[in-house]
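Chemist: Take this sequence and fold it.
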Amino acid sequence: MKKVLLIFAFILSVGMSYAQNVTGNWQGILTHPNDTIGFTDNYAFWLNIEQEGDSIYGQSRIELANSKNFSVMHFKGTFKNKHLDIVETAWEESHMGEGIFINWCLKRMSFIYHWEDSTETMRGIWSSNKECGPGEVFLHRSAVEFSNRTSQSHEYLSFKDLKQRLRQEESVVNTKVVLSKVTFEADQYKLLPESRPILKELKDIMVAHPTLKINILGHTGNIGHDQYNLTLSLERARIVKDYLEKLGIQESRIHYHGFGESRPIATNSTEEGRKKNRRIEFEVIAQ
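Modeler: The predicted model follows:
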């Protein structure tokens with residue numbers, strides 16, 4: 001009987017491994033090494049996936065760093081044995097401004113799904129029939145709602161200005177604050193002691209405003225491999241989230257994401273610019 005139960009458990013575990021469902025939102029970066037706009041060759045990228053058996057469909061979103069330039073497309077594909085194949089079929093929404101031309105092309109993408117230490121990732125490559133690409137895509141499963149209409153641009157505030165607006169009962173939703181005093185060792189994601197006072201101050205704000213919800217965002221410069229930078233930024237954002245939870249903030253009030261090098265706020269051609277890009281920031285998503 002014991003042997004039968006062990007065999008059944010093994011069959012069940014194998015079946016579960018092949019029955020993985022990828023429905024939901026995925027977030028990360030898409031590399032575009034042949035792009036010519038000069039500012040960055042990495043873009044923020046999202047997939048909103050629905051799965052029915054082996055078939056998948058949904059929407060993808062690509063966005064130029066901290067701007068109003070983005071495109072949303074429909075896709076369809078398959079997911080079998082941890083391999084996911086996608087073909088973008090049509091545009092739904094797109095916007096280009098600021099005098100920038102970007103060749104938003106319909107893409108073919110092929111991913112391998114991976115699960116490790118409670119983290120789900122997909123790594124893949126993309127190509128297009130047009131003169132753009134090829135490149136790579138690195139994604140993590142995300143809890144943030146997929147946006148198919150509005151730009152991801154946000155107003156940046158200083159920490160002082162944020163507190164002043166809250167005291168005056170003004171809206172701070174869709175604003176961002178760079179936590180410049182939150183620092184880490186090079187290539188590490190352990191918080192340094194000098195980071196703690198500003199995070200305790202953030203905790204006090206969230207205690208004083210119990211309906212406030214935030215999204216912790218990790219960013220890096222462009223030194224190192226794209227996937228490494230994405231993972232590093234994600235882990236740094238997670239560490240900040242965990243620290244706030246240890247200070248007593250409910251888990252439901254804090255999301256976290258890593259964007260690697262895909263959202264620079266300065267040039268990556270100088271050390272000063274790369275230092276500005278290596279940052280932790282938060283955006284207010286509810287008030």
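Chemist: so where's this structure uncertain?
Modeler: Residues of the chain meeting the criterion pLDDT under 70: 1-19, 34-40, 65-67, 96-103, 117, 150-153.
Chemist: All the strands of it, in order from the start?
Modeler: For the chain, the strands defined by DSSP state E occupy 24-31, 42-52, 55-63, 70-80, 83-95, 108-116, 119-127, 135-142, 155-157, 175-178, 213-218, 254-258, 280-286.
Chemist: So which bits of stretch 268-279 are buried?
Modeler: By 16 or more other CB atoms under 10 Å, the buried positions in stretch 268-279 come out as 268, 274, 276-279. Just so you know, the C-beta spots here come from the backbone N, C-alpha and C atoms, and that holds for glycine as well.
Chemist: can you check stretch 41-59 too?
Modeler: Going by neighbour count (16+ other CB under 10 Å), the buried part of stretch 41-59 is 41-49, 51, 56, 58-59.
Chemist: how about TSV for the strands of the chain, with distance to residue 241 added?
Modeler: Formatted as TSV, the strands of the chain follow (distance: least, CB to CB, whole Å):
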stretch	distance to residue 241
strand 24-31	15
strand 42-52	19
strand 55-63	23
strand 70-80	26
strand 83-95	27
strand 108-116	19
strand 119-127	14
strand 135-142	13
strand 155-157	20
strand 175-178	15
strand 213-218	5
strand 254-258	4
strand 280-286	10
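Chemist: closest one to residue 206 among the ones you listed?
Modeler: strand 213-218 (7.4 Å; CB to CB).
Chemist: Does anything pack onto the closest one? Which helices or strands?
Modeler: Strand 213-218 is packed against helix 226-246, strand 254-258, strand 280-286, with contacts defined by 3 or more CB pairs under 8 Å, 6 or more residues apart in numbering; DSSP states H and E.
Chemist: so how far is residue 78 from the closest residue to residue 203 other than its chain neighbours?
Modeler: Nearest residue to residue 203 in three dimensions, chain neighbours excluded: residue 247, at 4.3 Å (CB to CB, 6 or more residues apart in numbering). Distance, residue 247 to residue 78, using CB to CB, to the nearest Å: 44 Å.
Chemist: With residue 194 instead?
Modeler: Following CB to CB, the distance that separates residue 194 from residue 78 is 49 Å.
Chemist: Looking at these two, which is more packed in?
Modeler: Neighbour count, other CB atoms under 10 Å: between residue 194 and residue 78, residue 78 has more, with 14 against 10.
Chemist: So what pairs up with that one in the strands?
Modeler: Beta-bridge partners recorded for residue 78 (DSSP bridges): residue 55, residue 85.
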